[in-house]
Structure formats: structure tokens, C-alpha cells
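Engineer: Just need the structure, nothing else, for what follows:
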Amino acid sequence: MRYLLDANALLALVILEHEFHARPASWVGRLGARGVPELATCSITELGFVRVLGQAQRYGWSIAQARELLLQVKKSDAIRWVFIADDHDISHLPRWVRSPKQATDGHLAELARANQAILATLDRRLPGAFVIPQGSHS
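Structural biologist: Reported below is the predicted structural model:
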């Protein structure tokens, strides 16, 4: 199974100091017990990663440092990283999107579905997404 990580899940997985790091790290470890897990990013999730890390008040990374970190992570042998090119325009936005806060999530969920993936997130409010578990089950 291929999972498209949203920006928050990607951040939590990569940044050890992230308050929810243990959750995706444990989940990916369990996936790894079954073989090399396949995780995906796309332009939106990668740009979100760089944007959040570049916010000095929160993490204090430069854009160049955040970019380099993500490039290094994607070279990992422990995870097979796939990049999903985004060719979806607004016509692909799911009907369940009703508020501005849901727009990006809806777009990512549909992009994942169209590319034989599942959107993986820490957010319990996304229809059709896989919520990365806290405990020992995946």
C-alpha cells in the first residue's frame, strides 16, 4: 500500500522534536516490519514541510536547510519515497469540501486516490483518509 503523507504527518515523521513524532515513527516502523514501506509526497506536502520549518518562531530552519533535510530523508533506504505529480485542477475537489480549511485536505485526498494511494494524516476529521494510529495497531 502507498500512503501520501500530508504536510503535518511528514513533519511529524521527520522532525524528532515534533510533539507527535512518535506516532508516525512507530507506524512507519510497523510498516517496515512487513517490507520496505512506500510513502509519497507531492508538491503541496513538500512545500508545506519547507514553509513550516522555515517559520523562525517555530523551528528556525532556513528554506535551504529545510529543503536539504527533505532531500536527504527521501534518499533513505528504509523507506521507498515516491513523488506524486499533481495534475489535478479544481474540478477534482471532492464534494465533501465545504470550508476553506478543507480545500487542501480534499485536494490531497483525491490526488492520493487517483494515484492508488491513501492520504495518511494525524487529523481525524478527513473523510477517506488513514489516521496514523497512536497505539500498536496500524
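
Engineer: Contact partners for the residue nearest to Val82 when sequence neighbours are not counted?
Structural biologist: Spatial nearest neighbour of Val82, excluding adjacent residues (Cβ to Cβ, 6 or more residues apart in numbering): Ala40 at 4.4 Å. Glycine gets a C-beta too; all of them are placed from N, C-alpha and C. Neighbour list for Ala40: 2-5, 81-84, 112, 115, 117 [criterion: Cβ atoms under 8 Å, 6 or more residues apart in numbering].

Engineer: What's the PyMOL syntax to select whichever of those residues are buried?
Structural biologist: Selecting just the buried residues from those in PyMOL takes one command, with 16 or more other Cβ atoms under 10 Å as the test:
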select buried, resi 2+3+4+5+82+84+112+115+117
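
Engineer: how about CSV for the contacts of Ala40, with pLDDT added?
Structural biologist: Written out in CSV, the entries for these read as follows (pLDDT from 0 to 100):
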residue, pLDDT
Arg2, 94
Tyr3, 97
Leu4, 98
Leu5, 98
Trp81, 96
Val82, 96
Phe83, 97
Ile84, 97
Ala112, 96
Asn115, 96
Ala117, 96
